[in-house]
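A.B. asks: Whatever this is, show me its structure:
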Amino acid sequence: MTIKQRIFTYLQSHPEGISDSELTSALGIKYHAQTNERCRELQNEGLVIRRRVNGIIHNYLTGKNIAPIPEEPVVVPKGTPYKELWIWEGNIQKQVIQHLKTYNFQILSEADVEKHQRGIDIMAEKNGKQLWVSVKGYPRGKEKTNPSSQAKVWFDAVIFDMIEYRGRDESISLAVALPDFPRYHALAKQISWFKPVARYSYFWVRENGEVVVE
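C.D. replies: Residues are numbered from 1 along each chain as shown. Got it, this is the predicted structure:
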């Protein structure tokens, strides 16, 4: 096998992520630069997520690339501010909070999305057990960036939150909240193996406000 194939195979049995240095040592690769270059190639191919943990880049397998499912178009009335659309992150967060309250969760905190406040988007509690939720909306797209490409970046961000949060606490419940779009479902399917490893749920938010838990 090539170095890239060996790295890919090794990552399949290490969902917790591994650094370039650890890969170099474990696989007996002669030069660290070779490992770094091949991991970047895997990232560019959509097979690996590279994220910094405690100052060190780690590699996480995303699964085999599949062709994106055709998206349902986002109809945006001309001149409508993004935050007035149901796909805006703040509106997704609001619907999830309402859903949790309906099921008798106490909301401990919620990040101010409009001010881009950092931290856990929703912290809730029920029967003494906490739930942390990472929330993203769906991109409207820009002149040089289509929504599908931007959605991949946003999806990677919430999945990395699951990695980070699970590392902080093994006992809490975790969830990702996203608009119910085919693109996000396709991305979730690519890493279906990771969900039971990190032990988290998906909250799929529909345009009518309904929240479907997976």
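A.B. asks: Please identify the buried residues of the helix ranked longest in the chain?
C.D. replies: The helix that spans the most residues within the chain, counting by DSSP state H, is helix 147-168. Within helix 147-168, the residues scored as buried using 16 or more other CB atoms under 10 Å are 147-148, 150-152, 154-156, 158-163, 165-166. Every residue, glycine included, has its C-beta placed from N, CA and C.
A.B. asks: now stretch 30-47
C.D. replies: Those would be 34-36, 38-39, 42, 46-47, for stretch 30-47 by 16+ other CB under 10 Å.
A.B. asks: Most widely separated two among those?
C.D. replies: Taking CB to CB as the measure, those span a maximum distance of 20.8 Å, between 34 and 46.
A.B. asks: Which of the three states applies to residue 90?
C.D. replies: Of the three states, residue 90 takes helix according to DSSP: H, G, I helix; E, B strand; the rest coil.
A.B. asks: which ones are touching the residue nearest to it when sequence neighbours are not counted?
C.D. replies: Excluding the flanking residues, the one nearest residue 90 by CB to CB, 6 or more residues apart in numbering is residue 113, at 4.1 Å. Each residue near residue 113 by CB atoms under 8 Å, 6 or more residues apart in numbering is listed here: 89-90, 93, 121, 135.
A.B. asks: Isn't residue 24 up against residue 37?
C.D. replies: No. Assessed by CB atoms under 8 Å, residue 24 is found out of contact with residue 37, at 11.5 Å.
A.B. asks: Domains of this protein: list them as residue ranges, please.
C.D. replies: 3-61, 82-213 (automatic domain parsing).
A.B. asks: What average pLDDT does the shortest one get?
C.D. replies: Taken as a whole, domain 3-61 carries a mean pLDDT of 88.
A.B. asks: try the last one
C.D. replies: Mean pLDDT, domain 82-213: 90.
A.B. asks: Straight-line length of that domain, end to end?
C.D. replies: 25 Å (CA to CA, to the nearest Å).
A.B. asks: For it, what is the distance to the chain centroid?
C.D. replies: Distance of domain 82-213 from its chain centroid, counting by CA atoms, centre = their mean, to the nearest Å, is 8 Å.
A.B. asks: got it, and the first one?
C.D. replies: Relative to the chain's own centre, domain 3-61 is displaced by 19 Å; criterion: CA atoms, centre = their mean.
A.B. asks: From start to finish, how long is that domain in a straight line?
C.D. replies: Counting by CA to CA, you get 15 Å between the two ends of domain 3-61.
A.B. asks: What residues does residue 167 make contact with?
C.D. replies: residue 53.
A.B. asks: Would you mind pulling the contact partners of stretch 82-89?
C.D. replies: So stretch 82-89 is contacted by 74, 76, 90-92, 113-114, 135-138, 140, 179, 207 (CB under 8 Å, 6+ apart).
A.B. asks: where along this structure do the strands fall?
C.D. replies: Using DSSP state E, the strands of the chain run over residues 18-19, 48-53, 56-61, 106-110, 122-126, 129-135, 173-179, 200-205, 211-213.
A.B. asks: Many thanks, I have nothing further to ask.
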